[in-house]
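1. Just the structure for this:
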Amino acid sequence: MTAMGGRLLRSAGEVAYQVGLGPMPSETPDARLIELVERSSHPTPGRALDLGCGTGRNLLYLAAQGWDATGVDMVARAVAVTRGAAAARGLPARVLHGDVTRLEELAAGDGYTLLMDGGCYHMVPAHRRDAYAESVTRVAAPGATLLVVGFAHGRFAGAGVTEEELRGRLPAWEMVDAAPVPGAEMQGYVRSPAVVRTALARGWLRAWRYQLRRRGATSG
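-> Reported below is the predicted structural model:
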């Protein structure tokens, strides 16, 4: 992403939050994330990374569940809201202001065993997606789980995301599961204008959830 492109994307994000188009500031974490953390044989809480954490619905949940949780977002307003919410709840979540395609520049660290992308990748410009893949792979531990939720295509989906593309962009990861996310469920995660709510309800705008595993270790 060029410096100019990054500034434009960041500015668009700031405006979206100002007018109420950003992620809903709620305590509703991703349903599959809850299943992994609470209702499966997922390993004991370790290091978790929330990519494009927004106002922290997934990040704060992970911190409350005992994970060493770090969130990254390029929108300053979202970072401020999340830091405030973490402080108010006494949660030790770390929130970094920056670009998920440049995690090494943010001193994000590595060894993450659980990575959550609740709507970040589908907004990353196509020419920065290889950098995203390299950045995320570099910080993930062998055997780590990555959840990616995003819209396949459409005016409100940025460049979109598909299973085929993720397989191609992330050769160091294996695809474990790919499934559509019901429109009603997505409406619980995102505060949107009426036209987007209608598109979700009628199936014109479809979201998918992908679960991947970092190669290099067997599942635990």
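
2. Each with direction, which strands does the longest strand belonging to the chain pair with?
-> Longest strand of the chain, by residue count under DSSP state E: strand 140-151. Take DSSP bridges as the rule and strand 140-151 pairs in its sheet with strand 112-117 (parallel), strand 207-214 (antiparallel).

3. Please identify the deepest-packed of these.
-> Ranked by mean neighbour count, these are led by strand 112-117 with a mean of 25 (mean count of other C-beta atoms under 10 Å). Heads up, the C-betas are built off the backbone N, CA and C, glycines and all.

4. Residue ranges in the protein under the pLDDT threshold?
-> 1-26, 41-43, 153-159, 191-204, 217-220 (pLDDT under 70).

5. Start from the N-terminal end of it and give the strands.
-> So, for the chain - with DSSP E - the strands run 47-51, 68-73, 94-97, 112-117, 140-151, 173-181, 207-214.

6. mind putting the ones you listed in JSON lines, distance to residue 33 included?
-> Below are the strands of the chain laid out as JSON lines (distance: least, C-beta to C-beta, whole Å):
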{"stretch": "strand 47-51", "distance to residue 33": "9"}
{"stretch": "strand 68-73", "distance to residue 33": "11"}
{"stretch": "strand 94-97", "distance to residue 33": "17"}
{"stretch": "strand 112-117", "distance to residue 33": "6"}
{"stretch": "strand 140-151", "distance to residue 33": "6"}
{"stretch": "strand 173-181", "distance to residue 33": "12"}
{"stretch": "strand 207-214", "distance to residue 33": "10"}
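
7. of those, which approaches residue 160 most closely?
-> Proximity to residue 160, assessed across the strands of the chain by C-beta to C-beta, is greatest for strand 140-151 (5.9 Å).

8. just the strands of the chain: most buried one?
-> strand 47-51 (a mean of 28).

9. for that strand, packing partners?
-> helix 57-64, strand 68-73, strand 112-117 (3 or more C-beta pairs under 8 Å, 6 or more residues apart in numbering; DSSP states H and E).

10. can I get these in CSV with distance to residue 165?
-> Shown next, in CSV, are these (distance: least, C-beta to C-beta, whole Å):
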stretch, distance to residue 165
helix 57-64, 22
strand 68-73, 21
strand 112-117, 13
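
11. among those, which is nearest residue 210?
-> Nearest of the helices and strands packed on strand 47-51 (C-beta to C-beta): strand 112-117, 8.9 Å.
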